[in-house]
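Student: How does the following fold in three dimensions:
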Amino acid sequence: MLLYIHGFNSSPQSDKAVQTAHYIQQHYPQVDFYQPQLPSSPSVAMALLCNIAEQAKQQGQTLRFIGSSLGGYFASYLTETYGGRAVLINPAVKPFELFEEFIGPQYNPYTNEHYQVLPQHQDDVALYNTHVIRHPDRFLVLLQTGDEVLDYRQALHKYHSCELHLEPNGDHSFVGYEQQLDKICKFIQL
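Tutor: Now for the predicted structure:
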């Protein structure tokens, strides 16, 4: 099972998500691939992700996660909780510390959804913090120093014991992501 987890205000229609889906379909059509649109509520989103992971685990499937930004934060929790392997792309490390600037009305351009980020969402996201990565061998972390949204050094610090791929420049979307898909699939052992 492979679960792609998009970031905040994103969707399965984002460039990385579409590129991943096409690559998996072309090269690994036998893989159970999930790419859900996450609800705007963090607790509801995490309930959905945990349900997918739990069902796959009960069926004896190998768990694999690809998470981008906030999706990387969620993928860290899922991997540490349920096992498997994960690739994190410019992952959020402490997104609950950034919530202050997002509280209030939001708009997701991919889904055309208008919604509210509530103060409670900050606490909900904090519940899934993996303070320490106990299984660093399960993670590949892709970072670009030009990330304009998140400070890549936080991820570099948190995931220092994991396999790291650090590129200069780039941006939050991870420029050239499609060139990493072969490496990603090898790491998660497809």
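Student: how about the nearest residue to Leu3, chain neighbours excluded?
Tutor: Tyr34 (4.8 Å; C-beta to C-beta, 6 or more residues apart in numbering). Backbone N, C-alpha and C define where each C-beta goes, glycine included.
Student: where in the chain is pLDDT low?
Tutor: Under the criterion pLDDT under 70, no range of the chain is flagged.
Student: which SS state does the one residue sitting closest to the centre of it fall under?
Tutor: Ranked by distance to the mean C-alpha position of the chain (C-alpha atoms, centre = their mean), the top residue is Gly67 at 1.8 Å. Reducing the assignment at Gly67 to three states with DSSP: H, G, I helix; E, B strand; the rest coil gives strand.
Student: and it, how far is that from Lys16?
Tutor: For Gly67, the distance to Lys16 (C-beta to C-beta, to the nearest Å) stands at 10 Å.
Student: Pull up the overlap in contacts between those two.
Tutor: Residues touching both Gly67 and Lys16 (C-beta atoms under 8 Å, 6 or more residues apart in numbering) are Ile89.
Student: Skip the chain neighbours and tell me the closest residue to the residue nearest to the centre of the chain.
Tutor: That would be Ala75: by C-beta to C-beta, 6+ apart, it lies 3.0 Å from Gly67.
Student: Just confirm that neighbour contacts Leu63, I think it does.
Tutor: No. Judged on C-beta atoms under 8 Å, Ala75 makes no contact with Leu63 at a distance of 10.2 Å.
Student: Now the common contact residues for those two.
Tutor: Counting by C-beta under 8 Å, 6+ apart, the common neighbours of Ala75 and Leu63 are Leu3.
Student: neighbour-wise, which of these two wins?
Tutor: Ala75 (28 against 22; other C-beta atoms under 10 Å).
Student: need the contact list for the more buried one.
Tutor: Residues near Ala75 by C-beta under 8 Å, 6+ apart: Leu3, Ile5, Phe65, Ile66, Gly67, Ala86, Val87, Leu88, Pro91.
Student: from what I can see, the first one looks like it's in a strand, true?
Tutor: Yes. The assignment for Leu3 by three-state DSSP puts it in a strand.
Student: ok, it to His165 distance?
Tutor: Computed as C-beta to C-beta, the Leu3 to His165 distance reads 20 Å.
Student: quick one, which of these two is more surrounded?
Tutor: Neighbour comparison, Leu3 and His165: the larger count goes to Leu3, with 24 against 16 (by other C-beta under 10 Å).
Student: Thought Ile66 was touching that one, still the case?
Tutor: Yes. Assessed by C-beta under 8 Å, Leu3 is found in contact with Ile66 at 7.5 Å.
Student: buried set for the biggest helix by length in the chain?
Tutor: Longest among the helix segments of the chain by residue count, using DSSP state H, is helix 42-58. Under the neighbour-count criterion of 16 or more other C-beta atoms under 10 Å, helix 42-58 has Pro42, Ala45, Met46, Leu48, Leu49, Cys50, Ile52, Ala53, Ala56 buried.
Student: what about Gln35, distance to Leu3?
Tutor: Distance from Gln35 to Leu3, by C-beta to C-beta: 8 Å.
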